Every structure is written in structure tokens, then in C-alpha cells.
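Trainee: Build the 3D model from these lines:
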Amino acid sequence: MPDTKDKTQLEKFKEAARDLECDDDEARFKERLGKLAKVKSEKAK
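Mentor: Take a look at the predicted model:
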């Protein structure tokens with residue numbers, strides 16, 4: 001692993017997200033978030 005002393009917190013976060021194979025597509029994020037919100041609202045009824 002590269003030396004993390006010289007990296008900013010943001011750079012460390014981005015690297016961790018890539019390591020976890022996170023998706024950075026905003027449209028896809030909103031779509032998935034909408035599905036979660038929809039499921040939660042249906043359970044609340």
C-alpha cells in the first residue's frame with residue numbers, strides 16, 4: 001500500500017471507496033437510494 005502520510009483525508013476516502021468497489025455514478029446512486037426510500041416507506045404503512 002502506498003504511503004498514506006502525504007494524502008489528504010479526501011484522497012484516503014476515495015481510495016477506500018475504490019478498494020470497496022463503490023460506484024461513483026450519481027444517477028445510479030439516486031436510483032438505488034430511491035429504491036431504499038421506497039421500501040422503507042412501504043414498510044412504514
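Trainee: Ramachandran angles for L20?
Mentor: Torsion angles at L20 (phi, psi; degrees, to the nearest 10) stand at phi -90, psi 0.
Trainee: Run a quick neighbour tally on it.
Mentor: Other residues near L20 come to 7 when the count uses other C-beta atoms under 10 Å. Quick note: C-beta positions are derived from backbone N, CA and C, even for glycine.
Trainee: again with E31
Mentor: Other residues near E31 come to 10 when the count uses other C-beta under 10 Å.
Trainee: same thing with E15?
Mentor: Residues lying near E15 (other C-beta under 10 Å) number 14.
Trainee: for it, what are its contacts?
Mentor: The contact partners of E15, by C-beta atoms under 8 Å, 6 or more residues apart in numbering, come to K7.
Trainee: For the protein, just list every one of the helices.
Mentor: Counting by DSSP state H, one finds helices in the chain at the ranges 9-19, 26-44.
Trainee: With only the CA atoms kept, save the first one in PDB.
Mentor: Spelled out, that is helix 9-19. In PDB, the C-alpha atoms belonging to helix 9-19 read as follows (Å, rounded to 0.1, in the frame of the first residue of the first chain):
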ATOM      1  CA  GLN A   9      -8.500  12.800   4.100                       C
ATOM      2  CA  LEU A  10     -10.400  13.100   0.800                       C
ATOM      3  CA  GLU A  11      -7.800  11.200  -1.100                       C
ATOM      4  CA  LYS A  12      -7.800   8.400   1.600                       C
ATOM      5  CA  PHE A  13     -11.600   8.200   1.400                       C
ATOM      6  CA  LYS A  14     -11.600   8.000  -2.400                       C
ATOM      7  CA  GLU A  15      -9.000   5.300  -2.300                       C
ATOM      8  CA  ALA A  16     -11.000   3.300   0.300                       C
ATOM      9  CA  ALA A  17     -14.200   3.600  -1.800                       C
ATOM     10  CA  ARG A  18     -12.300   2.300  -4.900                       C
ATOM     11  CA  ASP A  19     -10.900  -0.600  -2.800                       C
END
